[in-house]
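1. with the input below, show me the fold.
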Amino acid sequence: MREQDIQIGVTPKEEVYREDKVVLYRFEPQVEHLLNIPILIVFALVNRPDIVDLQEGRSLVANLLKLGIDVYVIDWGYPSRGDRWLTIDDYINGYINNCVDVVRKQNNLDQINLLGICQGGTFSLCYSSLYPEKVKNLIVMVTPVDFHVNEGLLNVWSGSTLGSQALDVDLIVDTLGNIPGSLLNFTFIMLKPFGLGVKKYVDLLEIIDCEDKLLNFLRMEKWIFDSPDQAGEAFRQFIKDFYQGNKLIKGEIEIGKKRVDLKNIHMPILNIYAEQDHLVLPASSLALEKYIASVDYTVRSFPVGHIGMYVSNKVQQNLPPTIVDWLKART
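-> Numbers count the residues shown, from 1 in each chain. Coordinates of the predicted model:
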């Protein structure tokens, strides 16, 4: 099997805005738009957003398009050595805000819908607190909010639940500059070394003769190991302020000299979490309700893990209609 046979990111899209390494894409509509407010997907920095459009039949993007949603996505690109000084301020007050303004202008709207995923959901919460006038409805999916939930594997690794700073992020950033994507990949695998580092390759022997299942496996492997480096300063701030300091729920995050107060969030929120998530524990996501001012707050869950939210056939049958029905009721 040739590498070019392993295709991910299958839905046609066009570039509508570019700034530095960041590109804003709009996906080609597949049916007449049933909702006149587009949705902008904000993904995490640590992996590529292709996972939301992994393959035909298991694409969150394609399924939203088929249900009449106009979909945009931010592609963060691949930070280089010259990007090591990028901060969270650059990402939120810079790139995200500029992309939101492009979508607003293209559609002649004051407000758009946001879908923030994982770390992108945390960024979307910060953005919605700082720019509530630009966000009509906010959807967050597998999003960490309370970073001091006990037993969260990433929380333990970063030192947030150990009573000490187990991870010396200053030493790492000052030494490396940008954080290599390969290093983060190794870290994630070591959170569940048997399941993620051994068992899946043993299980591969059972599907090696089935081309469809083998292609599915290789698509996931291609996505997992296509991990961009992380801009050093943004990584430093995210670990220290969010994981170690848990400042988001304390109202102590400052971005561009503005304080992020979750009580500024009044728009409707749909909070989607994975019941078996080992990276973002359900309790971390569910904490959101205690800190926002929204009176229109909805929670939905699916019996899968963190990655299952994107690749499970059953989830992809139910997740897109859940999102679209929720948006329709608020249009």
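
2. mind checking how far the most centrally placed residue in the chain is from Asp229?
-> In the chain, the C-alpha nearest the mean C-alpha coordinate belongs to Ile117, at 2.8 Å (Cα atoms, centre = their mean). Going from Ile117 to Asp229 by Cβ to Cβ, to the nearest Å gives 20 Å. (Each C-beta comes from the backbone N, C-alpha and C, glycine too.)

3. repeat that for Ile265.
-> 31 Å.

4. likewise for Gly177?
-> Gly177 is 9 Å from Asp229, by Cβ to Cβ.

5. name the nearest residue to Tyr17, sequence neighbours excluded.
-> Excluding its sequence neighbours, the residue lying closest to Tyr17 (Cβ to Cβ, 6 or more residues apart in numbering) is Leu24, at 4.0 Å.

6. how about the strands of the stretch 201-331 of the chain, start to end?
-> Per DSSP state E, counting those that start in this stretch, the stretch 201-331 of the chain carries strands over the ranges 254-255, 258-259, 269-274, 297-302.

7. redo those strands as a markdown table? Include distance to Gly121 and mean neighbour count.
-> Putting the strands of the stretch 201-331 of the chain into a markdown table (distance: least, Cβ to Cβ, whole Å; neighbours: other Cβ atoms under 10 Å) gives the following:
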| stretch | distance to Gly121 | mean neighbour count |
| --- | --- | --- |
| strand 254-255 | 16 | 17 |
| strand 258-259 | 19 | 14 |
| strand 269-274 | 9 | 24 |
| strand 297-302 | 14 | 16 |
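
8. any chance of these in TSV, plus mean pLDDT?
-> Shown next, in TSV, are the strands of the stretch 201-331 of the chain (pLDDT from 0 to 100):
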stretch	mean pLDDT
strand 254-255	96
strand 258-259	96
strand 269-274	98
strand 297-302	98
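
9. which of those strands sits closest to Glu14?
-> Closest approach to Glu14 among the strands of the stretch 201-331 of the chain (Cβ to Cβ): strand 269-274, 27.3 Å.

10. list the neighbouring strands of the closest one plus their orientation.
-> strand 135-141 (parallel), strand 297-302 (parallel) (DSSP bridges).

11. so which of the ones you listed gets nearest Pro79?
-> Nearest of the strands paired with strand 269-274 (Cβ to Cβ): strand 135-141, 23.6 Å.

12. hmm, back to that, neighbour count: Gly177 and Asp229, which is higher?
-> Asp229 (23 against 17; other Cβ atoms under 10 Å).

13. please give me every residue in contact with that one.
-> 78-80, 178-181 (Cβ atoms under 8 Å, 6 or more residues apart in numbering).

14. try 7 Å
-> Neighbour list for Asp229: 78-79, 178-181 [criterion: Cβ atoms under 7 Å, 6 or more residues apart in numbering].

15. if I look at the closest residue to Ser294 other than its chain neighbours, how far off is His306?
-> Leaving aside its chain neighbours, Ser294 sits nearest to Ile269 (5.0 Å; criterion: Cβ to Cβ, 6+ apart). According to Cβ to Cβ, Ile269 and His306 sit 20 Å apart.

16. ditto for Cys99
-> Applying Cβ to Cβ to Cys99 and His306 gives a distance of 25 Å.

17. what residue ranges in the protein score low on pLDDT?
-> 1-8, 151-166, 185-223, 225 (pLDDT under 70).
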